[in-house]
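[1] have a look at this fold, sequence not included:
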């Protein structure tokens, strides 16, 4: 931690999807004590923490209230050489953490598709990665979290405390996470052995994913949600392992820096069913039928980080990323058929299998399948289409990911998260005055 | 909150019995997210009927607030009552009178009353609602202007003057709100077939209240902007705006 806490700056905020902007007083507390003072003042429209703003929807914005950016909490402690435990400030990005620990032979236990998320945000959303089928979400790798609660008190919570479980998936509404201790995994190389398989149908894609889960630590599939006829759901399945020994190409833990960023004046991608179909065709054809290759860690885990500010490609009206989890593969089939029937310009569909869920009541992953898809928010049909998808997901006992949500109906939330009341009871103990408020919480009455 | 797809959860209607407001609320309720509607208007059967129509849309909370456009002293209080009950996502300023031009020209005080109702009351409520929305950090105020506000014509000079005033204030104020989370939508319909225009012959480009509602809903959450209904009205008025006065005054419009 360094520097001093500067006064509030009132400015508009959105999530990564760049939809529904609202204005808040933004402060970057320089110290945990400053942060506690700000919470103890109990501002009338509440407080929420914000990391790197990579939640797609409105989880890290607080209209008319106070938003605490955690960039000042940027310390990374030493890695315990036997257990792999490391304590980091909530504002540390996974990018920064990986850059620090990879040269020492360690890697984060869970990483999403981008390194540009903070440790605090990762815990609050209980993020998952390509290894969820075997390793679970990030809360399974936490030794403890340090939290400032609704009364401004510091609390250290471990998985033995029942209150701990309100934090992962709690979307910041249980307090401001200031630090977390997580268990890193040992790796011997900064490269990945990657098996790529091209599939011709959804059945094949699902089969290949199930097979990859038996044989690989990491797996994911890109799927085509627009291809006609029997090709619907065809895809490219990639499965990976950390390379077993350092190779001659190992770069001592170097990760690529973002090569270039989309400029603010860039035109909107011409996303329509036709252009997306063309892109899908080209992407599918470009993939090898079956191949084993050695890839840098960054390109396997974080393909989205190659281009900075790529969210601008959706234009001024932004985009909605929709991610759902269901047990029944039949529901996945049904949802993909809905997207195709509506000719929705579903860009970058990703399918993956989830392993067992966690004990956290609001944690997103549940055993079965997860599907994520980008849709332009400016398309007027998107709202009604996603409501229809929600109904199918609820009927199948599934749910959507709150870290990505920007449009769920409040009535759907309790149906998707049957343990919501249990979480609310834990939250009452951590934040009895409901000091922690976000636009997501307002919209969904969390 | 207004979500990423433009769906609102709470609406304040000033001018409870307005048909355009009724159609807008009905459209907003379609997605099933509308939870609270505050109907501000004069007490009476019209307001009760309007409340019944909103309840029929399965909106769980329908509140009634007394609002009289001529009682300017009470306007801030009306806005405060609505906002004190919870965030307002959309405020619709939707009342107005269309007087017989000949009768108001013959009675200057009656003309002044039209100005009070159509214009002064918009000034007070718009400024009060803007202040409350700035504090909550989000929201859209919809102001019903008129295509005629761009160039009032002789046959409706008093009405046109009030709309020109409203349009000017709302447009300029909307520009000052950039980056505040709050926006003002200025709606410029042409002839709308409502009670207010009953008995007048609909000119070309006449629309129904549903058309105005559709345009309003489609533009929520897109920042401060001006919307023409129908969209082609923009070009018709652009042509009229540059028509020389000597010709304009002779046009049969």
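    Yes, it's here. Predicted model only: the values in this text are computed from it and were never measured.

[2] what lies in contact with the helix or strand of chain A with the lowest mean pLDDT?
    Using mean pLDDT, DSSP states H and E, the weakest-scoring helix or strand in chain A turns out to be strand A:260-261, at a mean of 74. With contact meaning CB atoms under 8 Å, 6 or more residues apart in numbering or on different chains, strand A:260-261 is reached by A:307, A:308, A:309. Quick note: C-beta positions are derived from backbone N, CA and C, even for glycine.

[3] strands along chain B, start to end?
    Using DSSP state E, the strands of chain B run over B:10-14, B:36-41, B:61-66, B:90-93, B:139-144, B:182-189, B:225-229.

[4] circling back: now the contacts of strand A:260-261 in a markdown table, please, with extra columns for neighbour count.
    Shown next, in a markdown table, are these (neighbours: other CB atoms under 10 Å in any protein chain shown):
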| residue | neighbour count |
| --- | --- |
| A:307 | 15 |
| A:308 | 16 |
| A:309 | 14 |
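
[5] between those, which sits nearest chain B?
    The shortest gap between chain B and any of the contacts of strand A:260-261 belongs to residue A:309, at 18.6 Å (CB to the nearest CB).

[6] for the closest residue to chain B within the stretch 101-250 of chain A, what are phi and psi?
    Chain B sits closest to residue A:171 of the stretch 101-250 of chain A, with a gap of 14.7 Å, by CB to the nearest CB. Its backbone dihedrals place residue A:171 at phi 50, psi 30, with angles given as degrees, to the nearest 10.

[7] any idea how far residue B:23 is from it?
    36 Å (CB to CB, to the nearest Å).

[8] more neighbours: these two, which one.
    Neighbours of residue A:171 and residue B:23, each counted by other CB atoms under 10 Å in any protein chain shown, are more numerous for residue A:171; the result is 27 against 21.

[9] how about that one: what's its closest non-neighbour residue?
    Counting by CB to CB, 6 or more residues apart in numbering or on different chains, residue A:171 lies nearest to residue A:59, which is 5.1 Å off, once chain neighbours are set aside.

[10] what does chain B put close to chain A?
    B:1-7, B:9, B:31-33, B:35, B:87, B:135-138, B:179-182, B:218, B:221-222 (CB under 8 Å from any CB of the partner chain).

[11] give me the buried subset of those.
    Buried positions within those, assessed by neighbour count (16 or more other CB atoms under 10 Å in any protein chain shown), are B:1-7, B:9, B:31, B:33, B:35, B:87, B:136-138, B:180-182, B:221.

[12] circling back to that earlier point, tell me which of the contacts of strand A:260-261 fall in helices.
    Secondary structure from DSSP state H places none of these in helices.

[13] which of these lies closest to residue B:103?
    Using CB to CB, the shortest approach to residue B:103 within those belongs to residue A:309, at 60.4 Å.

[14] quick check: residue A:392 touching residue A:331?
    Yes: the pair residue A:392 and residue A:331 qualifies as a contact (CB atoms under 8 Å) at a distance of 5.9 Å.

[15] pick out whichever of these two has more residues nearby.
    Counting neighbours by other CB under 10 Å for residue A:392 and for residue A:331 shows that residue A:331 has the greater number, 23 against 18.

[16] using the three-state scheme, assign the more buried one.
    When the structure is reduced to helix, strand and coil (DSSP: H, G, I helix; E, B strand; the rest coil), residue A:331 reads as helix.

[17] if I look at the residue nearest to it when sequence neighbours are not counted, how far off is residue A:408?
    With sequence-adjacent residues excluded and distances taken as CB to CB, 6+ apart, residue A:331 is closest to residue A:396, at 3.7 Å. Taking CB to CB as the measure, residue A:396 and residue A:408 are separated by 16 Å.

[18] same question for residue B:206.
    For residue B:206 relative to residue A:408 (CB to CB), the value is 39 Å.

[19] between these two, point out the one with more neighbours.
    With other CB under 10 Å as the criterion, residue B:206 and residue A:408 differ in neighbour count, and residue A:408 comes out ahead with 25 against 16.

[20] is that one in contact with residue A:401, as I believe?
    No: the pair residue A:408 and residue A:401 does not pass the contact test of CB under 8 Å, sitting 10.0 Å apart.

[21] tell me which residues touch residue B:58, please.
    Contacts for residue B:58 were tallied using CB under 8 Å, 6+ apart; they are B:29, B:32.

[22] ramachandran angles for it?
    Dihedral angles of residue B:58 (phi, psi; degrees, to the nearest 10) stand at phi 60, psi 40.

[23] just the pLDDT for it.
    Confidence per residue is given as pLDDT, and for residue B:58 that number is 96.

[24] in contact with residue B:25, which residues?
    Under the criterion of CB under 8 Å, 6+ apart, the contact partners of residue B:25 comprise B:11, B:13, B:34, B:37, B:54, B:57, B:59.

[25] for residue A:133, same thing?
    Contacts here follow CB under 8 Å, 6+ apart; on that basis residue A:133 touches A:213, A:219, A:352, A:353, A:354, A:355.

[26] dump those residues to TSV, plus distance to residue B:150.
    TSV is the format used below for those (distance: CB to CB, whole Å):
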residue	distance to residue B:150
A:213	64
A:219	61
A:352	55
A:353	59
A:354	57
A:355	63
